[in-house]
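>>> Here is my input; please provide its structure:
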Amino acid sequence: MDIERMISQFLGQNLVLLLLAIFIIVCILAGVRIVPQSEKHVVERFGRLRSVLGPGINLIVPFLDRVAHKISVLERQLPTMSQDAITLDNVLVQVETSVFYRIIEPEKTVYRIRDVDAAIATTVAGIVRSEIGQMELDQVQSNRSTLTGTIKDQLFAVVDDWGIEVTRAELLDVNLDQATRSAMLQQLNAERARRAQVTEAEGKKRAVELSADAELYAAEQIAKARRIQAEAEAYATQVVAVAIAENGLEAAQYQVALKQVEALNALGNGQGSNTIVLPASALEAFGDAFKMLRGAK
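Modelled structure (predicted):
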């Protein structure tokens, strides 16, 4: 009996210790939380927000605190969204957009918005329709980067209250209906034809201008040559006049006689008959010329 009593007391004491050890282990397991690098945990106490646990080892009060939400902070991409919009010139377009975001304050995301993806999609659709409604179709096509930046800025201002950071917003494509595409194609062809005609007309105009410039240049060169020739003749006349003024009439007669002798030599050296018939007056003139030449020598 004593042995049985001792065994019972030993088992009772060890059971208490065993239960105490189990309780301590449970408290440790309940109070220690290891959060991955890609997550944040929202802790509640009696249904109210207590704290947000970051990556690493965290301690909470066992049985009082509990991890109510485990939020991933990795960047997310919404599915490609497509919405209709009407431009300022009443053209219906279908716009495709894509948004990338990440949760930076999970306590706001958990307690202020229920469906984050749907809320962002609705917000983007409203912003796109509003911005495109203020632009004409040509501006939408040519200012995509500006439109993308505007969408991102406005979206960032809206989702900031939800604890979300928009990392990128892209305007992927702007699609038109078939009727609008056909009309734009006709307009494009007409514009190309107009540009071709303008280019051809400008080419012809330039050719006429160049031809006129060439004729003007040729006329200027001819006039310049004539002016130089006239100046040379005037200079020669001036030299003769100066010689006459300085040497008297004999210098002029000497020049005339020299020219007559040169002409006679040219006739004598010509091909054909060597017989030259001259009038008597010419012979007298040549005689006078020879006399003057001898006298000059």
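>>> From here on, just use CA atoms for contacts and neighbour counts.
Will do.
>>> now what about stretch 41-57, what contacts it?
Outside stretch 41-57, the residues that touch it by CA atoms under 8 Å, 6 or more residues apart in numbering are 32-40, 64-71, 106-107.
>>> and with 7 Å instead?
Contact with stretch 41-57 is made by 32-37, 39-40, 64-71, 107, as judged by CA atoms under 7 Å, 6 or more residues apart in numbering.
>>> how far out from the middle of the chain is it?
Chain-centre distance of stretch 41-57: 50 Å, with CA atoms, centre = their mean, to the nearest Å.
>>> again, but for stretch 138-148
Centroid separation for stretch 138-148 versus its chain: 13 Å, with CA atoms, centre = their mean.
>>> residues of it that come out buried?
Across stretch 138-148, burial judged by 16 or more other CA atoms under 10 Å covers 140, 144, 147, 148.
>>> Mind putting the residues you listed into CSV with pLDDT?
Compiled in CSV, the buried residues of stretch 138-148 are given as follows (pLDDT from 0 to 100):
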residue, pLDDT
140, 81
144, 80
147, 84
148, 84
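>>> Would you quantify the distance from residue 202 to residue 208?
10 Å (CA to CA, to the nearest Å).
>>> With residue 108 instead?
Distance from residue 108 to residue 208, by CA to CA: 75 Å.
>>> Which parts of the stretch 1-150 of the chain are strands?
Counting by DSSP state E, counting those that start in this stretch, the stretch 1-150 of the chain has strands at residues 32-35, 39-45, 48-53, 56-59, 65-72, 76-77, 81-86, 92-103.
>>> got the angle between the second one and strand 65-72?
The one in question is strand 39-45. Counting by axes from the mean of the first three to the mean of the last three CA atoms, to 10 degrees, strand 39-45 lies at 150 degrees to strand 65-72.
>>> Strand partners (parallel or antiparallel) of strand 39-45?
Within its sheet, and counting by DSSP bridges, strand 39-45 is paired with strand 48-53 (antiparallel), strand 65-72 (antiparallel).
>>> What residues of it count as buried?
39, 40, 41, 42, 43, 44, 45.
>>> per-residue pLDDT, the closest residue in space to the first one that isn't next to it in sequence?
Leaving aside its chain neighbours, residue 39 sits nearest to residue 72 (4.4 Å; criterion: CA to CA, 6 or more residues apart in numbering). Reported pLDDT at residue 72 in the predicted model: 92.
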